[in-house]
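K.L.:
here is my input, please return the structure:
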Amino acid sequence: MSDAADCVGRDASGVTIVAVAKTVGPPEVRAAIAAGVMDFGENRVQEFVAKHGLFPEARWHFIGTLQSNKAQHVVGAAALIHSVDSLGLLERIDRIANARGVVQPVLLQVNISQEASKHGIDRAEVEELVAASVELPGVRVKGLMTIAPLQRPEGVRWVFRDTHDLFESIAGMRFNGVELSEISMGMTNDFEVAIEEGATIVRIGRAIFGR
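P.N.:
Here you go, the predicted model:
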């Protein structure tokens with residue numbers, strides 16, 4: 001991470017590692033905490049709830065596809081929900097958050113590569129959702145998330161660059177009360193390129209926990 005940040009004159013301390021714990025159990029999470037990791041990501045609601053309960057001292061991110069009917073298990077517990085991919089889900093999170101007296105930070109998942117197999121909104125929809133969030137007091141849109149195709153890192157650099165450009169464009173629109181600060185992109189295979197292109201959060205599983 002430091003090498004990648006140095007290449008483009010960034011400070012690596014400005015990039016957060018989210019350790020993706022979807023394939024590991026409590027002993028591995030405990031070891032990671034002992035090694036200094038404080039941010040963890042889970043893809044499944046059941047696993048998120050279980051591990052959040054076991055390790056409340058850590059910051060737990062929900063990074064998988066979130067169904068509206070399961071949002072109540074995540075809202076208020078997640079440090080950040082990375083995967084908001086519709087206005088309906090944004091509104092559902094807002095209703096739950098308002099009922100609980102909390103404000104839930106979220107990222108909008110954007111399908112920059114336009115792969116049919118991936119979730120996420122089209123880049124043209126981002127402005128609409130950010131504008132809608134202004135009227136939703138229970139949510140706070142903090143930025144964008146994307147998942148690149150599984151290719152050689154240089155082959156997906158354009159995905160990260162386009163995501164960063166979109167982030168800058170939306171941030172420059174100065175929506176009332178919206179402060180965009182996070183770009184979640186890059187995983188074990190391509191996190192160096194993602195950092196070079198502006199990622200503030202990288203989601204790392206295999207490089208930390210093994211296969």
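K.L.:
for F191, which non-adjacent residue is spatially closest?
P.N.:
V202 (4.2 Å; Cβ to Cβ, 6 or more residues apart in numbering). Every C-beta, even on glycine, is put in place using the N, C-alpha and C of the backbone.
K.L.:
can you tell me how far the one you found is from G41?
P.N.:
In this view, V202 and G41 are 10 Å apart by Cβ to Cβ, to the nearest Å.
K.L.:
joint contacts of the two?
P.N.:
Counting by Cβ atoms under 8 Å, 6 or more residues apart in numbering, the shared contacts of V202 and G41 are V18.
K.L.:
neighbouring contacts of stretch 96-110?
P.N.:
Contacts of stretch 96-110 from elsewhere in the structure, counted by Cβ under 8 Å, 6+ apart, are 71-72, 75-76, 78-85, 90, 93-94, 119-123, 126, 129-130, 137-147, 163, 166, 182, 184.
K.L.:
and it, which residues are buried?
P.N.:
Using 16 or more other Cβ atoms under 10 Å as the burial criterion, the residues of stretch 96-110 that qualify are I96, A97, N98, Q104, P105, V106, L107, L108, Q109, V110.
K.L.:
what's the answer for stretch 5-17, then?
P.N.:
Of the residues in stretch 5-17, those buried (16+ other Cβ under 10 Å) are A5, R10, V15, T16, I17.
K.L.:
roughly how far is it from the heart of the chain?
P.N.:
17 Å (Cα atoms, centre = their mean, to the nearest Å).
K.L.:
thinking again about what came up before, following the host helix or strand of the residue nearest to F191, which helix or strand shows up next?
P.N.:
Assigned by DSSP states H and E, V202 belongs to strand 201-204. The C-terminal neighbour of strand 201-204 among helices and strands, as given by DSSP H and E, is helix 206-209.
K.L.:
state the mean pLDDT of that next one.
P.N.:
Model confidence over helix 206-209, given as mean pLDDT, is 94.
K.L.:
export it to PDB, keeping only CA atoms.
P.N.:
C-alpha atoms of helix 206-209 as PDB (Å, rounded to 0.1, in the frame of the first residue of the first chain):
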ATOM      1  CA  ARG A 206      -7.000 -13.400   0.500                       C
ATOM      2  CA  ALA A 207      -3.900 -11.300   1.000                       C
ATOM      3  CA  ILE A 208      -4.600 -11.100   4.700                       C
ATOM      4  CA  PHE A 209      -6.300 -14.400   5.500                       C
END
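K.L.:
show me the shaky parts of this protein.
P.N.:
Filtered on pLDDT under 70, the chain yields no residues whatsoever.
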